Every structure is written in C-alpha cells, then in structure tokens.
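Participant: Here's my sequence, what's the structure:
(chains A and B)
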Amino acid sequence: MIRFESVSVTYDGAAEPTVRGIDFEVPEGELVLLAGPSGVGKSTVLGAVSGLVPHFTGGTLAGRVTVAGRDTRTHKPRELADVVGTVGQDPLSHFVTDTVEDELAYGMESLGLPPDVMRRRVEETLDLLGLAPLRDRPLATLSGGQQQRVAIGSVLTPHPRVLVLDEPTSALDPAAAEEVLAVVQRLVHDLGTTVLMAEHRLERVVQYADRIALLPAPGAPLVVGAPDEVMAVSPVCPPVVELGRLAGWTPLPLTVRDARRRAEPLRERLAEHAGDGRPGAGAGDAGSGDSGLGVGERAGTGPAVAGATPAPPAKTPPHTSAGWTGRLFGRASRRAATEAPAESAPVAEVTGLGVRRGRVEALRRVDLALSPGETVALMGRNGAGKSTLLGSLVGLVRPTSGTVRVGGVVPYRTPPQELVRRVGLVPQEPRDLLYAETVAAECAAADRDAEAAPGTCRALVGELLPGVADGTHPRDLSEGQRLALALAVVLAARPPLVLLDEPTRGLDYAAKARLITHLRALARDGRTIVLATHDVELAAELADRVVLLAEGEVIADGPTADVVVSSPSFAPQVTKILAPQPWLTVAQVREALR
Amino acid sequence: MADREGAPGTARPRGHSSLAVHPGAWWLWALGLGTAATRTTNPLLLALLLAVSAYVVTTCRPDTPWSRSYGAFLKLALAVIVLRLLFAVVLGSPIPGTHIVVTLPEVPLPHWAQGIRLGGRVTAEGLLFAAYDALRLATLLVCVGAANALASPTRLLKALPGALYEAGVAVVVALTFAPNLIADARRLRAARRLRGRPDRGLRGLLHVGLPVLEGALERSVALAAAMDARGYGRTADVPAPVRRTTAALTLGGLLGVCAGTYGLLTEAGGSYGMPVLLAGSAAALAGLWLGGRRTPRTRYRPDRWTVRACLIAGSGATVAALLTLAASADPAALHPGVIPLTAPELPLWPAVAVLLGLLPAFAAPTGGGGGRETAVALDSDDARTSLSLSALRRGRTSPGGDGAGAGSSSASASPSASATSASVASSASVTSAASDPASGAAPPSASASVKSSLSEEQPS
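Facilitator: Residues are numbered from 1 along each chain as shown, chains lettered A, B, ... in the order given. As a prediction, the model looks like this:
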C-alpha cells in the first residue's frame, strides 16, 4: 500500500539528509508503528506518505514513495487526499470549519462526493467514533480527546485507504488515549485501513502494532520487524519491555497481560529479595499487607502475598480498609523523609478554592497543602482543572472563592517581580516563556527579571543542558531542550515552589529520563515540585503524592502507591504486571534484584 | 402546539435544525428592517423596529458563539447615539432653535476654520434632531447585528457560487483566526507574568506582539498543510475551449459592468448605460457559473430555500416596501419636525406595517407555532428527516454486526434506505469503490465534472 524505495530527504539549507536510505513497504490493512527518539525524522517519513514532504515543506526527496500506486513526486497532497488521511499532533490546527458535522464533511466536499453519500458517511462516522452527541458542537468547546477523534473522523469520511497519524495520543489523558487507539484499531480490523503511526508513548501503542519500523538514531538505517524483535534492540521502549529485558523473558512481552502470565517467578524472586535485602523496610504489618499498599509494606509481607494471592482481583477488595493502616504504619524511608517536614509550615496552601469561568465551575472547594521538598503529581482528565489549579498558584487565575497563599502571599495580588521568587511555572508550551533570539540573551534577561547575579541562569542551563551553544536560537532547540531552558529560566529566581504543566508532552524516553534526574535533584534541594501530567509512568517515577482531580474537585489525595495502584487507568505498567506487590517502576525492581 | 414542538426536538438532529432556515432569508429580513429604518426618523417607529428585531432575535437565535454577538451590536449602537449627541453639543447643530438648554463657552477659531464652531449655544431642537438621526443609524446597526446573531456569516459564505468558494473559505479561515490571535496574546501576557515582568499596560502588549504574529503565521502554515492534505484546491480538468470561454465571459462581463455604470452615471450615456450594464452582469454571472465547473466540490447539506425562508425574507421586504410607500405618502408623520418642538405621534398604518416584521418569530423553527402553512412545512421537514434517520438505523443494524461493522457494511445494506433509487445506486458504487482496489480510491460520483477529475488522478 505504501512503498518507500531508497528514499532520502534533504531539507533546504541542511548539510545532511534528515532521513536516508528508507526502504520499506506497508502492505494493505497493516498497522505499522514508527518509533525512535526525537529528531530522527519520524515526521519527515510520515509527511512523505501524504506528499506534504517535499511538496509543502520544500527540500529534496530522492528515491520514490508510492501510495496505492500513485507516485508522490507526480501527485500533490491534494491529489492524494482521497487515499491518504493525515492527522497531526495538534488537532486544532487541522480544523477548517467550526462545527463537528461540517468538519466531518469538509474533506468529502473537497473531493466532490455527491450529497447523499456525504450525508450517509457523516452519520456512519459519527457513530463509529462515538461523536453523535457532539454533532453540532463548536470545535473549540470540545475536550482534547474529542478533538482528536473529530480530527480522525474528518479524514476518515472520504474513506482513505491509508491513515497517517503523528503522535495521536501525546496530548491526551490515559482514558482519552485509549478511546482514540480503540478507534484506530477498529479501523484496521473492520475497514482494513492501512495505518502508519508515530508515537513517543510506546507503552500506549506498542501492543496494537503489527510491525514496528524503528529509526534508532539520526541518519541510521530503518529497522523493520515484528514488535518483539524490534523492541529487543530499540533504544526507546515502554516499561513493560524494559521489565521483560530485565527479567530476561523471551519472546519479549508487549502487553501487560502477556507479562503478567510470565511474571510469577519474578514476583517470587522479588518477594525473597525484598524480604532479606531491605532491613529498614519491614514495618508493614502482616494484617494489612495483602492489600499491597505503601512501598514499605512489600518487605515484610511480600512472600506471603506472592504465594497466597496471585490472582489480581485480590488487590481490590481489601484496599479501602487497609489503606489507612498502610498509611499509619508502612512507610518506606523515602516516604518518611517527605512526611516528616509536613508538620512544618507548608510552602503553599489552598483552602476552599473555587474558580468559575462564565457558566463553568473550573474548580470547586479544592484544599491542598504543599510541604517543602515534596513532589506532587496532579492527575485527571483533560479539562479536570489541573492547569487552572496551577494558574491560581501563580496568580494567573483569580479565585472566585476560597484562598490561595504561596510563601505567605496571595499570588494574584502580588506584583510579578516579587512572585517569581516564591513560585515558578513552566507552562504547557515552554516556548511561551522564551522571547530572546539566543540562549545567552534569554539567560541574561532571566537574571535581570529575577534580580539574580549575572550568570545564574547560564550556570543552570549548563547543568540542565550541557553542550548548548550561547548563540543557539531557542526555536532551534528540540522539545526537551526547550523545556530544560524554560526550567532554567524559572529556576533563576530560586523559587521554593516549582510547577510544571504537562512537562513530558512530546518528549522521548531519553529526554524524559533527563528531566526526571533534574527534578529529583531539585526535590533533594528541598524544592517543592508540582506536576500536572497525564503521564502515569512519570508520576510513578517522580511523585511522592498524587492528587486526582475530576470536574474541578479533588477526588483522591495520597501517597503515589496508594492512589495509583487502585486506579486502572492511572496505574503504571509495572504496577499492573507485578500486582498485588506494590512496585511502581522498573528502576525499583532493578534495585531490589541487585 | 406545545407537544408538536417537543416532538421535532427529539426526532430531528439539533445541529442543523437551528440553521434550517436559509441564512440568506435572515439577512434579507434584517436588511429589510434596516431599509425601513432609513425611511423614517420617527423615534416611536424606530423604537418599534428595535423592539421587533430584538423580539425575533431572542426567540429565534440558536445557541452558538456567534449568536452572542448581538449584545456587542447593541453596545455599538448605544455608542453611536452617545457620540452623535456629543458632537451635537460640542460642534453645534445646523438646526436653528430657540430653546436653549445650556450655553457652553465658545472657543475662538482662526479665520480659515470658518464654519466650524466649538462650544456655544446648545438648543433643545438641535439635540432632538441629533437624537432622531442617531437613533436611525443605531437601528440600522442593530438590524445588522440581528442578522449576525440569527445566521452565521460563515454559513452565508457557504452559499457562494462554486467559483468563489475558495475565496470564501479564505475569508472564513481569516474570521476564525481573530479569536485565536486574542487567545494567543492572552497566553503570552500570562507568560510575561511568569517571567516576573509586568503583564499590564501598553509595553506588555507590545512585547507579545511579535510572538503572537509568529504564532499566527505558524498556525496558518499548519492549517494550509492540513487543508492541502484534505483536498483543498483540487481542480477538475476542464477542456481548453471552456476555460477560454470562462475567461472571456468573466473579463468581458466585468468590463461591461464598468462601462454600463459609467454610462448610467454620466449624462450622455443615458441611452446605452442600462443595457450594457445588464449584458455585462449577465456575462459575468455566466463566467462565474462556467468557472464553477473547474472545482469539483459538492456541498454537504446545503441550506434549502423553504417556505419558511420565503416568509421570513418576505416579511422583511414587505416592511421595507410599506415604509417606503408611507414615507412618500405621508412624509410628515414619518419625519416629525423639531421646529417647533412637538411630541412625535405614532402613525397607525406604518406601525402596523412594522409589526409585520414579527412574522419570523412565529414562522421560524425555534419560535412558537404559526399559521397553517408553516405548520405543514415543519411537519413535512421532520417526517423526511426522521424517515432518513430510521432508514439509516435499519441499515446499521441489519448486517448483524455491531456498530463497528456499520462503517463499511452499511453501504451494502443501505437498500433499506430506499428513499430514492438514486441513493441506492450511489451507495452501491461506494461499496464497489471501497472493495475493489482496481478502481483506485475513486469516490463515486454522479456528476460528469467529478468523473473527469478522477480520471486525471489515476495514473493507470
């Protein structure tokens, strides 16, 4: 269906081709996942399928790309519109009209389909994607997941035989991502659509792929193969694969279900290791142990759990009753360290906060206290009020009721110059924070804004982003580098409270690992960190405490293990595999096995 | 009446029910009221016009973002009145009057500014005259606002002829960009606050200007890419003679329009002006129509010109015509004098004529029940929609699969949607196109122009 014949693409002004020697074929009805670290040319490969590379982006394409027998050299994107549907990362930039129904019809109108066919296909697509209740809604009022589904629907209505998706779930919460991926899978299974998809969050998509095409490094040749083979050698892989590699499972499991079926021996080993390897962690009382709550409990009760209750359902019923005991007794050293200063004065305190926007109540009676040195993950659906809560902590949002105090001041009444020394926020789009032409100028401006000693910010950039030249334009940095620069700018004022809104959007695993290292170091310094995130793996790695928001209310607030383990959509993969034992990350498991 | 209203709400998809009336009808109605407003300065009649349009807007407007623009137009109208009165006070009025309200200190002006007066006497007559005049302009504005609230301008643009469609889309996209720009500016000002810089004042705004423009540019490039990938600007292959004829007709037609207008406006051209103008317009229209053949586009659920639309447009036109008649028959009643000061009276027949503008409130879908005719129109509309919906539903369930299968298989099962034989034929061709790779991904089509466009695309 899609055939690349020794394709290489060189953009204008670039010395080297972005991708070279791409040679592969996607047969009809297959779902191929394009994986690789950032900056290896995944988007270029995707763009070549729809003809946007090179017709729209410029540059030179050597070799040949054919889609359904049409050569993209002789066919412009608009002439491929009836065979290829493309959906990008940001659905809002894809929309031409303003309501759902019109958007679904737009592509068909361009192709000149007869009105009765259009009408029928719009109705079919509304049902297929579960959009019927939204048909007359203005697009701007939809949630992220709904917008992404409309964007997919809008390219589906002309019945393309190839669907090209560039990071379809990276901006979505776990539930919305599953929704979108379920739709994609349905298309592949029921309609025989060929799908080529790029995605950073492999843990979400790898199990759906028939094959994986891996670009391991810039300029490196493409590796194509069955998912388990490719994942065995891939530099980027989801936690389930990492755990599989650690445990030496072959073939590598790609789904939580496969991994669980092989995890029995590992669970036993872990229980033994944990039993004798961790002297200080045996505090968990045997009575509440089988609930598997709290990192500390695993030591004392692990063996009994692994032997007696291997079945996953066992973890749910005793949870509520045991949660309290878990909280009272079983605490690991890390947890204990963060709990201790909780009695001291909080860095920020939110009481009874309510925020109303027009007719919508964005936040309702939110109470939250943040103690020094603690890392908190704010989680919840798109639109649950996470960003609003962060905004009210930095004074961008004025509360309608209740109080917010950060470092003893009321944020929205404090002049910005003063507030930056108490709290800093890295917004969802770090680029918003950067104005200057070069990294050096940006740093100098940050020092001036923060009234810090000259060179403060530059030194931070040196730590967070080693090897970035002074003269680089912030625009030319990769997503992860830009985030690090924005973080350095915020840290120049040395605020005790650092907020990050959706920091891992668009980051690959390597960039994410670097970010985690930086944030851990900050927390060790006694900074309080609050992350609003959809990334359950990030929360599991980093957070001491998770606060779940829904419809503007706090619905859960507690230690990460407690909150995350009990939720099917917010539990990280390692937890799901090793339940009922309360492991959160591969790193913990590796540590325990050592 | 009430129960009948309840039923359509459930049977009909809400999306287009609010827009079921052709947007052109609403614009004609509003412009009719606006024209009527220009015919009179009687404040009572103007107030009646305002009340009529406001009542219709509140009963008929759909719940959409653009329908909230009515409030903005009301404020604008109020600003116009205030500004006009202010000018009358400060700059004086050409109306001589004897009732002095207040005397402002007069600013002496140099001799070259003769005829302009700053300050001085302010008379009641002058103020009243200015108020009447301002009210007329305000009413006109509010009428335009009513059209805006009742029918989205983007929907009106959709009714453009095919040849102008692409220009129309450009306008629509530009319209949706304005709100995005504002959102961007807000976000970046917030970001300035995060950097510890003042976020208020002119400097704050200037500093975000460049990033906002950058963002807008990036967004438009992304949108252009998306539109291109979705088939915007596909052209059908039109034979060379047709293309040449199109160009000749359009160019010639426009030249004719120019010459004709010139003829009409000059004294000498009285004889040839009209015919040349008409011929030019006809040629230009023919050119547009022929040019439309180059774009293979079709329209999704175009607005139909229904009985209801006729009633709405007709009521507006009637109001305009009757007030024009009244203005020539009884100018005194429609233009109450200000010298001497008299209280304006409400002329009976023109007032009744204005009340005709209320018809849409009863004839439009979201309004109450109306005359027999509109009830019939409503019912037949609903019946059609519910019929096609139930046919669809049957088509979906009959393959035996779940909803998932519907995507592909309801096309083959759609004979149950046997409203017309044509739809069956076209759905059958959909199936063949989807299942038969040899036919390429050719979207099936009934129109010849589309077929030709497809043959152009298929390399085989």
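
Participant: now the helices: where do they sit in the stretch 301-450 of chain A?
Facilitator: Assigned by DSSP state H, counting those that start in this stretch, the stretch 301-450 of chain A shows helices spanning A:319-328, A:333-339, A:386-393, A:416-419, A:439-450.

Participant: Same check on the stretch 1-150 of chain A?
Facilitator: Residue ranges of the helices in the stretch 1-150 of chain A, as given by DSSP H, counting those that start in this stretch, are A:42-50, A:52-55, A:100-111, A:115-128, A:144-156.

Participant: could you redo those helices as JSON lines and give each row mean pLDDT?
Facilitator: JSON lines is the format used below for the helices of the stretch 1-150 of chain A (pLDDT from 0 to 100):
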{"stretch": "helix A:42-50", "mean pLDDT": "90"}
{"stretch": "helix A:52-55", "mean pLDDT": "88"}
{"stretch": "helix A:100-111", "mean pLDDT": "90"}
{"stretch": "helix A:115-128", "mean pLDDT": "91"}
{"stretch": "helix A:144-156", "mean pLDDT": "88"}
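
Participant: Please identify which of the ones you listed is closest to A:E479.
Facilitator: Distances from A:E479 to each of those were compared using CB to CB; the shortest belongs to helix A:42-50, at 11.9 Å. To be clear about C-beta, it is placed using only N, CA and C from the backbone, and glycine gets the same treatment.

Participant: And chain B, is that closest one touching that?
Facilitator: Yes - against chain B, helix A:42-50 shows contacts by CB under 8 Å from any CB of the partner chain at A:S50.

Participant: which outside residues touch that helix?
Facilitator: Outside of helix A:42-50, the residues within contact range by CB atoms under 8 Å, 6 or more residues apart in numbering or on different chains are A:2, A:4, A:7, A:9, A:18-19, A:22, A:34-36, A:53-54, A:56-57, A:61, A:65, A:67, A:72, A:77, A:80, A:84, A:86, A:162, A:164, A:166, A:196, A:198, A:215, B:229.

Participant: And stretch B:90-103, by the same measure?
Facilitator: Surrounding stretch B:90-103, the residues in contact under the criterion CB under 8 Å, 6+ apart are B:104, B:116-127, B:129-130, B:338-339, B:341.

Participant: Among the residues you listed, name the ones in helices.
Facilitator: B:124-127, B:129-130 (DSSP state H).

Participant: and which of those is nearest to chain A?
Facilitator: Ranking the ones in helices among the contacts of stretch B:90-103 by separation from chain A, with CB to the nearest CB as the measure, puts B:A130 on top at 37.7 Å.

Participant: Could you measure from the closest residue to the closest one other than its chain neighbours over to A:V397?
Facilitator: Closest residue to B:A130 in three dimensions, ignoring its sequence neighbours and counting by CB to CB, 6 or more residues apart in numbering or on different chains: B:A88, at 3.6 Å. In this view, B:A88 and A:V397 are 45 Å apart by CB to CB, to the nearest Å.

Participant: what do you get for A:P265?
Facilitator: With distances taken as CB to CB, A:P265 is found 51 Å from A:V397.

Participant: Between those two, which is the more surrounded one?
Facilitator: A:V397 (22 against 11; other CB atoms under 10 Å in any protein chain shown).

Participant: ok, now which ones touch the one residue sitting closest to the centre of chain A?
Facilitator: For chain A, the residue nearest the mean C-alpha position is A:D535 (4.2 Å; CA atoms, centre = their mean). If you count contacts by CB under 8 Å, 6+ apart, A:D535 has them with A:201, A:504, A:512.

Participant: any chance of the residues you listed in a markdown table, with neighbour count too?
Facilitator: Putting these into a markdown table (neighbours: other CB atoms under 10 Å in any protein chain shown) gives the following:
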| residue | neighbour count |
| --- | --- |
| A:R201 | 24 |
| A:T504 | 24 |
| A:K512 | 20 |
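
Participant: care to break chain B down by domain?
Facilitator: According to automatic domain parsing, chain B comprises the domains B:21-157+B:312-379, B:160-229, B:240-294, B:426-460.

Participant: A:L187 is nearest to which of these?
Facilitator: The minimum distance between A:L187 and the domains of chain B falls on domain B:426-460, with 12.8 Å, by CB to CB.

Participant: Give me the pLDDT for the nearest residue to A:P411 once chain neighbours are set aside.
Facilitator: Of all residues not flanking A:P411 in the chain, A:G395 sits nearest, at 3.3 Å (CB to CB, 6+ apart). Taken from the predicted model, the pLDDT recorded for A:G395 is 89.

Participant: on that earlier part again, list the contacts for the residue nearest to B:A130?
Facilitator: By CB under 8 Å, 6+ apart, the residues touching B:A88 are B:122, B:126-127, B:129-130.

Participant: And it, how far from B:L127?
Facilitator: Distance of B:A88 to B:L127, given as CB to CB: 6 Å.

Participant: one step back: name the member of the ones in helices among the contacts of stretch B:90-103 that has the highest neighbour count.
Facilitator: B:G126 (24 neighbours).

Participant: Need phi/psi at the nearest residue to that one once chain neighbours are set aside.
Facilitator: For B:G126, ignoring the flanking residues on the chain, the nearest one in space by CB to CB, 6+ apart is B:S93 at 3.0 Å. Main-chain dihedrals, B:S93, degrees, to the nearest 10: phi -140, psi 150.
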